[in-house]
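1. need coordinates for the following:
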Amino acid sequence: MKMYADERREHIYSYIKSHKRATVKQLSDYLSVTEATVRSDLRRLESENKLTRTHGGAKVTENIGSKFNFSYRLTQKHGEKYKISKSALKKIKPQQCIMIDASSTTYELAKLLAETTMELTIITNGLENAVLLKENPHLTVLVVGGFVSQDSNAITGNIDSQILEMYHIDYFFLSANGFTLENGLTDFSLPEVQLKKQMVQESENVIALIDKSKFGVSSTLSFAKISDINEVITDEKPEHKWLKHVPFSVTVAQ
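-> The predicted structure follows:
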């Protein structure tokens, strides 16, 4: 299947971010494209300050890693994330148990929930989410995971599945680095992806909060197939293929 240039570059960036560095030949073999194509993509990614080219390849430098940490991502597409989160909030009813992941999009939802007067149980693997939500006396907050990631909001590790099985989780609100019909929801952090897979399995309804820039982008690792998703909430109406013959509903936030 033909891969679009932006999707290919996302694969390259995810690969280099995971491996710290890569040669042109490694990337050429990984994506089954010519070395000339890889060099062109590396020039583009370097112009976007996502990596540094080296002799025969590229690497992710320390300053780039810090630039794309959770704090930085909070500043990106803030308006779109806020609009999507307001739409998601409307689905939640008092006495429900909901789960939210550690993404910068669901952090906007956590900020709204921090002001709610509804009695709710909230499960999260987001460190910042938990710190924010614990101040609201109407909320019971449960944190899952194990290790705290250096450049993200995520707590990752193995969940004791029996803990989640004790709760009926009405909604799992989550986001992703990319979303395609072929690969579903994808990301590049293996520990976080493993955790999200289990969280998806334990949830009654899975609702993806995805802004328009994530559609058609695929990262290295998949954690939810499109058949796992009940609804997608986004900021703009997507292309027709996302609305026809898919197993989930699409809501455009107003």
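
2. in the stretch 101-250 of the chain, which spans are strands?
-> Remark: strands assigned in the stretch 101-250 of the chain by DSSP state E, counting those that start in this stretch are 120-124, 139-143, 147-148, 155-156, 171-174, 178-180, 184-187, 206-209, 221-224, 231-234, 249-252.

3. what would those look like in JSON lines with mean neighbour count?
-> In short, each C-beta sits where N, CA and C put it, glycine included. Compiled in JSON lines, the strands of the stretch 101-250 of the chain are given as follows (neighbours: other CB atoms under 10 Å):
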{"stretch": "strand 120-124", "mean neighbour count": "23"}
{"stretch": "strand 139-143", "mean neighbour count": "16"}
{"stretch": "strand 147-148", "mean neighbour count": "11"}
{"stretch": "strand 155-156", "mean neighbour count": "22"}
{"stretch": "strand 171-174", "mean neighbour count": "26"}
{"stretch": "strand 178-180", "mean neighbour count": "23"}
{"stretch": "strand 184-187", "mean neighbour count": "24"}
{"stretch": "strand 206-209", "mean neighbour count": "25"}
{"stretch": "strand 221-224", "mean neighbour count": "22"}
{"stretch": "strand 231-234", "mean neighbour count": "22"}
{"stretch": "strand 249-252", "mean neighbour count": "14"}
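
4. wait, I233 touches F248, no?
-> No. Using CB atoms under 8 Å, I233 is not in contact with F248; the gap is 10.4 Å.

5. spell out which residues are contacts of both of these two.
-> Counting by CB atoms under 8 Å, 6 or more residues apart in numbering, the common neighbours of I233 and F248 are A208.

6. low-confidence stretches in the stretch 1-150 of the chain?
-> Scanning the stretch 1-150 of the chain with the threshold set as pLDDT under 70 gives 1-2, 61-76, 146-150.

7. in this structure T140 contacts M118, no?
-> No. Contact criterion CB under 8 Å: T140 and M118 do not qualify, at 11.5 Å.

8. and the pLDDT at the nearest residue to K241 once chain neighbours are set aside?
-> By the measure of CB to CB, 6 or more residues apart in numbering, the closest residue to K241 outside its immediate chain neighbours is L181, 6.9 Å from it. The per-residue pLDDT reported for L181 equals 95.
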